[in-house]
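Asks: From the sequence below, what's the structure:
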Amino acid sequence: MTYAVYLGKQMAKKRGRTRGHRVREVETREPIQRFLIVCEGEKTEPNYFRGFKVPTHPEVPEVKGTGFNTRSLVEETMRLMREKGYDPQKDQVWCVFDRDSFSAEEFNAALSLAANNQIQIAYSNECFELWYYLHFQYLESGLPRSDYVKLLGKCLGHSYRKNSEGIYEELWPRQEQAIANAKRLLVQYVPPNPERDNPSTTVHKLVEELNRFVR
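Replies: As a prediction, the model looks like this:
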C-alpha cells in the first residue's frame, strides 16, 4: 500500500467519523416546541420577544400584544389556545403581564386561572421595565414605572422608547447579567408572594426557555 493510498483511507475514515458525530449531535437536540406568548402590552413586550430567533411554526415565536391585563389577559390566552390549536402538554403557552396598580385580588386571580389551565406566567412587579433595568443593575427597592423609564435612559445612553423594535438586540449582550439579577431577586422572598414582592420578575424563566431553542 502506498503512502498516498494509506493517507486517503485515513482521511476517509476521519470524514466518516465527523459525519457520524454531526448526525448524532442533531439527533440529540431537543425537539422544537411551539411558543404562544400573549402579552399585556401591545408593543413593548411583543417587540422584545420577537427578537428571539426560535425556529417554530407558525411564527418565531408567535407573540400577541393584546392590551388586556391580568385575568382578562389569561382568558384571552385561553381563547387563542383553542383557536390556534395550542396544547400546553406539548407546546409552551405564556402570559406576560405586570403587577402595576391592579388589585391583589385581580392579580392573584390571574395567577390561579393560568395555573389551572397550564399557562405559564412571566410577571413583573411592578412593571416590565424592571426586566430591562436588571440588564444593567441589581436593585432591592421597588420603583414606579416613571423612574424605570428615566433610569433606562441613562443606562442606554439615549431616551428609552417603550415601542422600540431594536430593544432585544440592544440588551442581548447583557442578558446573562439580567437573568442572574432576576434570580437573585426571587430568592430573597421566602415564602414568595408575587403580588407583594416588589421588585421581582419571572421574565427570565421565559427567556431561558426560549434560549433552549435559539439557533
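Asks: any idea what sits nearest residue 78, other than its immediate chain neighbours?
Replies: Excluding its sequence neighbours, the residue lying closest to residue 78 (Cβ to Cβ, 6 or more residues apart in numbering) is residue 117, at 5.7 Å. (Glycine included, C-beta is placed from N, CA and C.)
Asks: What's the local residue count around that neighbour?
Replies: 15 (other Cβ atoms under 10 Å).
Asks: That one and residue 94: what is the separation?
Replies: Counting by Cβ to Cβ, to the nearest Å, the gap from residue 117 to residue 94 is 12 Å.
Asks: quick one: contacts for the residue nearest to residue 78?
Replies: Taking Cβ atoms under 8 Å, 6 or more residues apart in numbering, we find residue 117 in contact with 74, 78, 81, 88.
Asks: So what touches the helix or strand harbouring the second one?
Replies: Pointing back at residue 78 there. Using DSSP states H and E, residue 78 falls within helix 70-84. If you take Cβ under 8 Å, 6+ apart as the criterion, helix 70-84 is touched by 36, 38, 40, 62, 64, 66, 68, 86, 88, 93, 95, 97, 102, 106-107, 109-110, 113-114, 117, 119.
Asks: and the next element down the chain from that helix?
Replies: Next element after helix 70-84 (DSSP H and E): strand 92-98.
Asks: outside of the next helix or strand along the chain from that following strand, which residues touch it?
Replies: Moving toward the C-terminus from strand 92-98, the next helix or strand (DSSP H and E) is helix 104-116. The contact list for helix 104-116 (Cβ under 8 Å, 6+ apart) reads 70-71, 73-75, 77, 95, 97, 99, 119-121, 123, 194-196.
Asks: and of those, the nearest to residue 206?
Replies: Nearest to residue 206 out of the contacts of helix 104-116 is residue 120 (Cβ to Cβ; 7.3 Å).
Asks: tally of neighbours for the nearest residue in space to the closest one that is not next to it in sequence?
Replies: In space, and not counting its chain neighbours, residue 120 is closest to residue 94: 4.9 Å by Cβ to Cβ, 6+ apart. By other Cβ under 10 Å, the residues close to residue 94 number 25.
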